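Asks: okay, here's the prediction I keep looking at, along with the sequence it came from:
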Amino acid sequence: MPNFRTHLGIVILGSFIVVLPALAVEPLRKLPTAEPVVALTFDDGPDPEYTPQILAILREKQVKATFFLIGMKVQAEPELAKQIVTDGHTLGNHSTSHINYSWLAMGNLLRDIRDSQLEFKNSVGFFPLYFRPPFGGYKESQLSTLDKYYKYVVLWSEDGLDWEKGQTPEEVVQIIEKALVPGAIFLFHDTNPVIVAALPQIIEMIESHGYTCVSLGDFFGQSQF
């Protein structure tokens with residue numbers, strides 16, 4: 001098994017050796033800035049139907065975003081995952097199979113980190129630096145371990161609810177406009193038609209208020225290792 005070099009040192013995932021003790025770092029819910037920038041983030045892809053449509057919109061609008069991908073889907077759609085990178089977006093890890101991390105004992109947690117990171121390494125050639133726990137679920141006791149393998153555990157400041165049954169594109173836009181503040185991290189999913197319809201309006205609304213959309217990699221200056 002390969003070594004994973006993190007911002008804190010080197011750990012060996014294959015034999016589950018954990019080194020370099022770390023203090024638990026709270027998940028990132030907002031970018032640390034007072035500038036008019038926000039982050040658009042998309043979970044649960046890559047989706048062969050909707051992710052290409054999202055990428056086309058972002059390309060047309062010249063906007064960069066962050067995609068938190070599921071390891072099994074990366075394995076199934078490696079070329080689509082590579083296209084996200086080619087387009088200049090940031091990839092984040094969203095677990096191997098979208099399991100709730102708050103259910104996992106430490107051994108299973110480490111296995112999922114190993115397996116999901118290796119799916120990315122084998123498919124796109126690098127390990128993501130950013131992790132979003134599915135459902136936003138985690139145990140406080142897991143944070144110091146996650147901090148050894150990722151630059152940031154990333155949550156969100158507002159959920160666009162594009163996934164919710166009966167939600168309309170206009171309602172998604174309204175949710176985001178009400179939550180528009182410097183450093184906001186917005187949660188969407190590149191797995192449904194609602195966000196495809198809403199995204200152009202969201203970007204236009206954000207920019208009309210003088211804000212710029214950034215990827216996590218662009219904001220923090222690093223997207224992979």
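Replies: Perfect, thanks for sending it.
Asks: so which elements touch the longest helix seen in the chain?
Replies: The longest helix of the chain (DSSP state H) is helix 106-124. Packing partners of helix 106-124 (3 or more C-beta pairs under 8 Å, 6 or more residues apart in numbering; DSSP states H and E): helix 71-76, helix 78-86, strand 90-93, helix 143-149. Yep, even glycine has a C-beta here, placed from its N, CA and C like the rest.
Asks: the same query, at a cut-off of 7 Å, please.
Replies: Under the contact definition 3 or more C-beta pairs under 7 Å, 6 or more residues apart in numbering; DSSP states H and E, helix 106-124 sits against helix 71-76, helix 78-86, strand 90-93.
Asks: okay if I get those as JSON lines plus mean neighbour count?
Replies: Output for the helices and strands packed on helix 106-124, formatted as JSON lines (neighbours: other C-beta atoms under 10 Å):
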{"stretch": "helix 71-76", "mean neighbour count": "20"}
{"stretch": "helix 78-86", "mean neighbour count": "18"}
{"stretch": "strand 90-93", "mean neighbour count": "27"}
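Asks: for Val196, find the nearest of those.
Replies: Smallest distance to Val196 across the helices and strands packed on helix 106-124 (C-beta to C-beta): 15.2 Å, for helix 78-86.
Asks: residue contacts, the nearest residue to Trp163 once chain neighbours are set aside?
Replies: Once flanking residues are discounted, Trp163 sits nearest to His189: 5.1 Å by C-beta to C-beta, 6 or more residues apart in numbering. By C-beta atoms under 7 Å, 6 or more residues apart in numbering, His189 lies in contact with 42-44, 162-163, 195.
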